[in-house]
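S.K.: Task: produce atomic coordinates for the following.
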Amino acid sequence: MIATLGNSLGSVVNYYLGLKGEIYLVEKNYIKESSLSKSKKIFSKYGSYSLLLSWVPIIGDPITLIAGVFKYDFKKFLILVTLAKFGRYLFLLVGYSYFVAD
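M.R.: Residues are numbered from 1 along each chain as shown. The predicted model follows:
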């Protein structure tokens, strides 16, 4: 539960950065305009379904950032991201219990 909470709070920070800092991030070249456009296209096509992939290590952070850029409903964002993060740790716990622990 603590890992889920911490990971979800990290996603909330990404959401806030996207919400408040899109122009700044592009101007300072922290994010390329082409990457931002590509991410926006994917998010606009799949929307909330893409937030369920926020648990994936490499693509999860950009997805949560783009949700902030699009000003996606924060309550829905928080629910979907928390479910995704919880599912990740539940999967790891069940896998550990089944395969490693006797």
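S.K.: Leu53: what secondary structure?
M.R.: At Leu53 the chain is in coil, as set by DSSP: H, G, I helix; E, B strand; the rest coil.
S.K.: Pull the number of nearby residues for it.
M.R.: For Leu53, the neighbour count with other Cβ atoms under 10 Å is 13. Every C-beta, even on glycine, is put in place using the N, C-alpha and C of the backbone.
S.K.: what residues are up against Leu78?
M.R.: 8, 12 (Cβ atoms under 8 Å, 6 or more residues apart in numbering).
S.K.: typed the wrong thing, it's Asn14
M.R.: 61, 64-65, 68.
S.K.: most neighbours, which of these?
M.R.: That'd be Thr64 among the contacts of Asn14, by other Cβ under 10 Å, with 27 neighbours.
S.K.: Could you list the buried residues of the longest helix along the chain?
M.R.: Identified as the longest helix of the chain according to DSSP state H is helix 2-27. Buried residues in helix 2-27, counted by 16 or more other Cβ atoms under 10 Å: 4, 7-8, 10-12, 14-15, 17-19, 21-22, 25.
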